[in-house]
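S.K.: Below: sequence and its predicted model.
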Amino acid sequence: MKAMAALLTVVATSGLSGPAMAAQDPAPGDAPLLAQATQPGAVLASAASPDGRTVLQITTDNDGHMLYAVKRAGKAVVEPSRLGFNLTDQYALYRKMRFEGAETKSADSRWEQPWGERRFVTDRHNELLVRFRRDEPGQRRIAVRFRLFDDGVGFRYEFPDQASLKTVNIADELTEFVLPPEGNAWWIPGGEWNRYEQLYQKTPIAAVPTVHTPVTMQLAGGPYVSIHEAALVDYSGYWLKGYGGGRFRTTLAPSSEGPRVTRTAPFNTPWRTIRIADTLPQLVESDLELNLNEPNKLGDVSWFKPAKYVGIWWGMISGKWSWAEGPTHGATTARTRDYIDFAARHGFRGVLVEGWNKGWNGDWFGTGEEFSFTEAVPDFDLRGLAAYAKSKGVHLIGHHETGGNIAVYERQLDAAFAQNAALGIDVTKTGYVADLGGIIAPGDRPGEVRMEYHDGQRQVRHHLDVVKTAAKYKVAVNPHEPVKDTGLRRTYPNWVAREGARGMEYNSWEPFGNPPNHEANLVYTRMLSGPMDFTPGVLSLVGSNGNPLASTLAKQLGLYVTIYSPIQMAADFIENLEAHPRELEFISKVPADWSESHLIAGAIGEYAMFARKDRNSQDWYAGGVNDATARTLNLDFGFLDPGKTYCATIYKDAPDSTYLTEARHKIAYDSRTVRKGDRLDLFLASGGGAAMRLAPGKGC
């Protein structure tokens with residue numbers, strides 16, 4: 001346990017104390033942590049990360065507010081910030097709080113992911129549990145559990161079983177994050193009609209408004225910081241509300257019920273998380289949120305196979321086909337057979353079909369009254385196609401679009417997943433297309449409905465109910481218009497991906513719908529929360545009405561390595577994919593499951609280059625994306641295994657390529673022999689990217 005040595009201090013005050021634990025030397029730059037509780041601002045308890053560089057301190061002020069503060073290498077990351085709640089039916093748990101004591105412990109373990117960016121995850125942390133009470137009116141208790149890792153801090157509230165506070169009706173959570181105001185932030189607005197599907201903005205930290213998490217910041221002269229949450233279960237997701245000057249506070253997504261959260265004690269809230277990193281690779285490769293989730297509750301999930309898929313989808317997105325029945329209906333039996341044949345020829349495991357079921361005719365957006373999740377439309381032979389796919393070694397991917405109507409969906413949930421399992425449909429994409437606040441939930445009386453938020457407590461419960469029901473039938477789930485990812489894939493590994501950001505479809509609807517820096521923003525923001533079903537692989541580089549994508553051909557390949565998901569789509573029409581045989585070969589071979597993943601070059605909103613090692617072979621892959629500024633990277637192959645020779649098959653932008661002209665279709669092919677420590681000048685065009693496969697052997 002020598003490696004775990006770190007500051008863990010509990011201070012006895014006013015006759016109240018925590019378990020005895022010897023205080024170790026303070027971290028450099030910190031004063032001795034001994035004080036009296038009668039002195040406002042006195043440190044009541046403290047802890048540090050295993051490496052001793054991140055230090056947490058617990059204090060109170062003159063009004064009895066619970067306060068926490070975080071320093072990194074002696075410099076403030078979070079200034080003293082308040083903790084607490086407003087309740088709808090009792091006095092707030094905010095002021096007049098008295099410190100009762102604390103407990104400490106440490107952990108150092110490693111666990112294995114059934115699939116993921118990396119096979120093994122290290123969980124090494126020190127923990128501090130602090131207990132508070134409010135004496136009037138009626139004695140009510142609350143605890144806050146902190147875990148300090150070398151790459152950040154997580155904390156949650158714990159409501160114990162107590163007669164004076166059995167039903168907890170939370171009006172809002174008042175957790176603060178007071179950061180030094182100098183520095184920059186990358187964010188999307190929270191509480192807006194289009195949910196998480198927004199373009200990222202960069203502003204000074206002091207100018208950040210109400211935003212979704214993860215929100216990423218770089219403190220002036222200091223570390224990178226990302227604020228988010230972990231293990232969001234039976235609780236409302238929060239938006240981070242900026243008040244200027246670096247002061248932020250959580251505000252929970254609303255509920256139709258009045259209280260934003262209602263729970264029965266004992267219960268724990270989700271973890272509030274703060275990634276802290278000196279470098280961008282440390283920020284991106286952190287497993288903080290995963291480590292704060294509970295271990296796998298499903299047991300053996302080897303029935304889920306990370307894989308790539310094609311689908312009847314881009315035709316509807318681009319306006320060529322329709323979801324609704326009629327002369328342009330996309331989901332026909334004949335077309336699906338063509339897609340199954342294509343998947344079998346080129347090694348794709350899945351074929352997604354949208355518009356296969358009843359309910360798409362008419363206005364389904366935000367209503368969803370007519371959807372059936374078991375009945376196919378007349379021109380789609382569901383059972384025959386499932387059998388045909390099986391004969392070809394291919395699986396249909398299910399699709400359950402709700403139009404935001406979970407009242408209709410929940411009535412059919414069990415039957416829908418039972419049918420999928422019986423037909424060999426072991427992955428299902430769900431959808432909740434409705435404006436913010438437009439989720440239609442069942443009320444308490446027959447025929448009554450309630451309107452809820454996509455990230456409110458009711459919808460958080462719904463998503464987990466779907467995942468659990470699907471797991472019962474050994475089906476994996478990929479929700480679109482979801483609640484944000486908070487690492488629950490560790491606990492429920494059939495929750496394999498989700499959308500939760502602007503994906504490829506925005507490139508179809510308007511010229512350059514996602515600007516060239518969009519993916520280079522996602523890497524350092526949205527992707528910190530977990531896998532995204534971005535749906536890359538539009539090799540034609542055009543959407544509806546010929547709208548051009550802000551992408552080169554090489555960038556479409558680079559997305560498969562850059563934007564992680566254990567299910568990866570080749571989104572274009574199959575005839576467009578087959579028109580690019582060399583690119584299609586790369587897509588067919590690039591894995592969807594990795595043993596290692598490393599960010600090897602990048603800058604937020606500018607570019608990102610990853611190296612990932614295949615979990616099922618000794619191959620490495622590298623790939624990246626660029627913004628609108630052309631650049632040349634001096635790429636270091638230091639990530640390769642020592643003592644091996646690799647043949648690098650390289651797909652890169654041509655010297656005159658740019659997303660703004662027809663030259664975006666130009667791609668340069670190269671191959672060369674490389675070894676660990678070699679370097680390569682790699683050109684990234686404006687709006688461009690690159691990809692490569694590195695296969696060990698005798699070289700090229």
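M.R.: Alright, I've got the coordinates. Residues are numbered from 1 along each chain as shown.
S.K.: right, and His400 touches Val427 too?
M.R.: No: contact criterion Cβ atoms under 8 Å: His400 and Val427 do not qualify, at 11.6 Å. To be clear about C-beta, it is placed using only N, CA and C from the backbone, and glycine gets the same treatment.
S.K.: So for the residue lying closest to Ala434 once chain neighbours are set aside, what's the pLDDT?
M.R.: Leaving aside its chain neighbours, Ala434 sits nearest to Gly404 (2.7 Å; criterion: Cβ to Cβ, 6 or more residues apart in numbering). Gly404 is assigned a predicted lDDT (pLDDT) of 97.
S.K.: Please tell me how far Gly404 sits from Glu583.
M.R.: 36 Å (Cβ to Cβ, to the nearest Å).
S.K.: Please identify which of the two sits among more neighbours.
M.R.: It is Gly404, of Gly404 and Glu583, that has more neighbours when counted by other Cβ atoms under 10 Å, with 28 against 21.
S.K.: out of His400 and Val427, which sits in the busier spot?
M.R.: Just comparing His400 and Val427: by other Cβ under 10 Å the higher neighbour count belongs to Val427, 26 against 22.
S.K.: just the helices in the stretch 451-600 of the chain please.
M.R.: Along the stretch 451-600 of the chain, counting by DSSP state H, counting those that start in this stretch, helices occupy 457-472, 506-509, 518-522, 553-562, 574-578, 581-589.
S.K.: Please identify the deepest-packed of those helices.
M.R.: Most buried of the helices of the stretch 451-600 of the chain by mean neighbour count (mean count of other Cβ atoms under 10 Å) is helix 553-562; its value is a mean of 28.
S.K.: Quick check: which helices or strands does it pack against?
M.R.: With contacts taken as 3 or more Cβ pairs under 8 Å, 6 or more residues apart in numbering; DSSP states H and E, helix 553-562 sits against helix 518-522, helix 581-589, strand 607-614, strand 620-626, strand 645-653, strand 667-675, strand 689-697.
S.K.: what angle sits between it and strand 620-626?
M.R.: Between helix 553-562 and strand 620-626, the angle comes out at 120 degrees (axes from the mean of the first three to the mean of the last three Cα atoms, to 10 degrees).
S.K.: Break this structure down into its structural domains.
M.R.: The chain breaks down into these domains under automatic domain parsing: 2-291, 512-534+543-566+587-700.
S.K.: so which of the helices and strands packed on helix 553-562 gets nearest Ala387?
M.R.: Each of these has some distance to Ala387 by Cβ to Cβ; the shortest is helix 581-589, at 24.3 Å.
S.K.: just to revisit the earlier point, out of the helices and strands packed on helix 553-562, which gets nearest to Gly244?
M.R.: Of all the helices and strands packed on helix 553-562, it is helix 518-522 that lies closest to Gly244, at 23.4 Å by Cβ to Cβ.
S.K.: doesn't Lys308 make contact with Ala343?
M.R.: No: contact criterion Cβ under 8 Å: Ala343 and Lys308 do not qualify, at 9.0 Å.
S.K.: that older thread, can you tell me which of the domains of the chain the model trusts least?
M.R.: Taking the mean pLDDT of the domains of the chain, domain 2-291 comes last: a mean of 89.
S.K.: chain center to stretch 364-379: distance?
M.R.: 29 Å (Cα atoms, centre = their mean, to the nearest Å).
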